[in-house]
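Enquirer: Need a 3D model of the following:
(one chain, ligands or ions: 1)
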Amino acid sequence: MAHVHAHAVARRLYSTARPPRVLVTGSLGQLGTTMVNTLRTKFGGENVVASDIKKPAPEQRSGGPFVYADVLNYRALEQIVVDYGIDWVVHFSAVLSAAGERNPALGLSVNIDGFRNILDVAKNHGLRLLSPSTMGAFGPSTPKDDTPDLTVMRPNTIYGISKVHMELLGEYYAEKYGVDFRSLRYPGIISADSPPGGGTTDYAVDIFHAALKNNRYTCFLKHDALLPMAFIDDCIVGTMQLLEAPRDVLTQRVYNVHACSFSPAQMADEIRRLHSPEFAIEYCPDFRQAIADTWPRTMADHAARSDWGWNPVFGTADIARAMLDKLRPVYA
Ligand code: AKB
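Expert: This next block holds a predicted model:
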């Protein structure tokens, strides 16, 4: 009870006294850069600590603190939390689906041992923890259309297995120790400013670079591999909404989020329409097609919409237009 009361007091303090201090792990990855900028705009540069195991580019060093943080090292994480007075953690460090199949040992250590460390730091220091999950947490026996939040979850990739583990362990720590754990199951995220790294949905970013560079693309998925996707702007708005939502509006801890679904052939058509009728695509499916085959075609996200306001605005054509507009100057 005292614990619950302490959290309620803390929530009031954040809204009245001072902004939360936020640690972002994996801050140099596809989502980290934009998320750090968004958090800094909202809470102030000094209140957002960016971290990674890579060396940041000079512009990624500006605007607030950057620290080295290996999620496999509990003590080092704890030291950052103590030194910077961290209140909330956004945990982006993860080995994605394709990378996890290439290097299962790395996937298991980062996604399972690393998450365990983050969760223990959250427990021991009373932190709010947002750690994204993925549609990759579903598997071949999951219903593929309008996949509900609560359904069969028997993934057959290291990434999927480790994310189911993450969801369940987060819920366990929430129940048992009162950790304010929150998660959302991302579809494929499409961004122009920061490249994806090691996912099955990476083709949906690569295709734009290839279109602008060579006007042709060889796709590693089949023409009709229909998958849920979202544009990074929607993804970051949604992640902020869930992060900031008052605890009492959340009826669950893990939420599906879905914006639109398209296949490589459908996106190629958009590129022909918006960029060049001559754009050529060929299909050379590799092991990633077998991963895509196990994922939903669409996800039901009613709970995210009604509990904390998930409301994506980018559909397939909007994503294509936004990507072409952002990347055109790069290849001009
Ligand atoms: C991947 O393709 O592995 C990721 C994801 C859907 O989580 N983009």
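
Enquirer: Measure how buried the one residue in the stretch 101-250 of the chain that gets nearest to the ligand is and give me the count.
Expert: For the stretch 101-250 of the chain and the ligand, the shortest gap (C-beta to the nearest ligand atom) falls at Gly199, measuring 2.7 Å. Bear in mind the C-beta positions are built from the backbone N, C-alpha and C, glycine included. Neighbour count for Gly199, taken as other C-beta atoms under 10 Å: 24.

Enquirer: Who are the contact partners of Arg185?
Expert: Pro132, Ser133, Thr134, Met135, Ala137, Val254, Tyr255, Asn256, Val257, Met299 (C-beta atoms under 8 Å, 6 or more residues apart in numbering).

Enquirer: So which of the residues you listed belong to strands?
Expert: Within the contacts of Arg185, residues falling in strands by DSSP state E are Ser133, Thr134, Val254, Tyr255, Asn256.

Enquirer: What parts of the stretch 201-332 of the chain come near the ligand?
Expert: The stretch 201-332 of the chain has residues Thr201 near the ligand, with proximity defined as C-beta under 6 Å from any ligand atom.

Enquirer: what about the strands in the stretch 201-332 of the chain?
Expert: Secondary structure of the stretch 201-332 of the chain by DSSP state E, counting those that start in this stretch: the strands cover 216-219, 227-231, 254-256, 260-262, 280-283.

Enquirer: Output the contacting helices and strands for the longest one.
Expert: Put plainly, it is strand 227-231. Helices and strands touching strand 227-231, by 3 or more C-beta pairs under 8 Å, 6 or more residues apart in numbering; DSSP states H and E, are strand 188-190, strand 260-262, helix 316-331.

Enquirer: what are the pairing partners of that strand, and which direction each?
Expert: strand 188-190 (parallel), strand 260-262 (antiparallel) (DSSP bridges).

Enquirer: could you dump those to a markdown table with distance to Glu278, mean pLDDT and mean neighbour count?
Expert: Formatted as a markdown table, the strands paired with strand 227-231 follow (distance: least, C-beta to C-beta, whole Å; pLDDT from 0 to 100; neighbours: other C-beta atoms under 10 Å):
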| stretch | distance to Glu278 | mean pLDDT | mean neighbour count |
| --- | --- | --- | --- |
| strand 188-190 | 23 | 98 | 26 |
| strand 260-262 | 21 | 98 | 20 |
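
Enquirer: for those strands, which one sits closest to Ala230?
Expert: Ala230 lies closest to strand 188-190 among these, at 5.9 Å (C-beta to C-beta).

Enquirer: Can you tell me what sits against the closest one?
Expert: 30-31, 135, 196, 199-201, 204-205, 227-232, 235, 319, 323.

Enquirer: doesn't Ala76 fall inside a strand?
Expert: No. Going by DSSP: H, G, I helix; E, B strand; the rest coil, the assignment for Ala76 is helix, not a strand.

Enquirer: so it sits right up against Asp70, yeah?
Expert: Yes. Taking C-beta atoms under 8 Å as the definition, Ala76 is a contact partner of Asp70 at 6.1 Å.

Enquirer: farthest pair in the ones in strands among the contacts of Arg185?
Expert: Thr134 and Tyr255, at 12.1 Å, using C-beta to C-beta across these.

Enquirer: of those two, who's got more company?
Expert: The residue with more neighbours, out of Thr134 and Tyr255, is Thr134; 28 against 24, by other C-beta under 10 Å.

Enquirer: Quick check: the gap between the more buried one and Gly100.
Expert: Distance, Thr134 to Gly100, by C-beta to C-beta, to the nearest Å: 11 Å.

Enquirer: Kindly report the same for Ala174.
Expert: Distance of Ala174 to Gly100, computed by C-beta to C-beta: 25 Å.

Enquirer: Compare neighbour counts for these two and give me the winner.
Expert: The neighbour count for Ala174 versus Gly100, taken as other C-beta under 10 Å, is higher for Gly100 (27 against 18).

Enquirer: Am I right that the more buried one sits in a strand?
Expert: No. Per three-state DSSP, Gly100 lies outside any strand segment and is helix.
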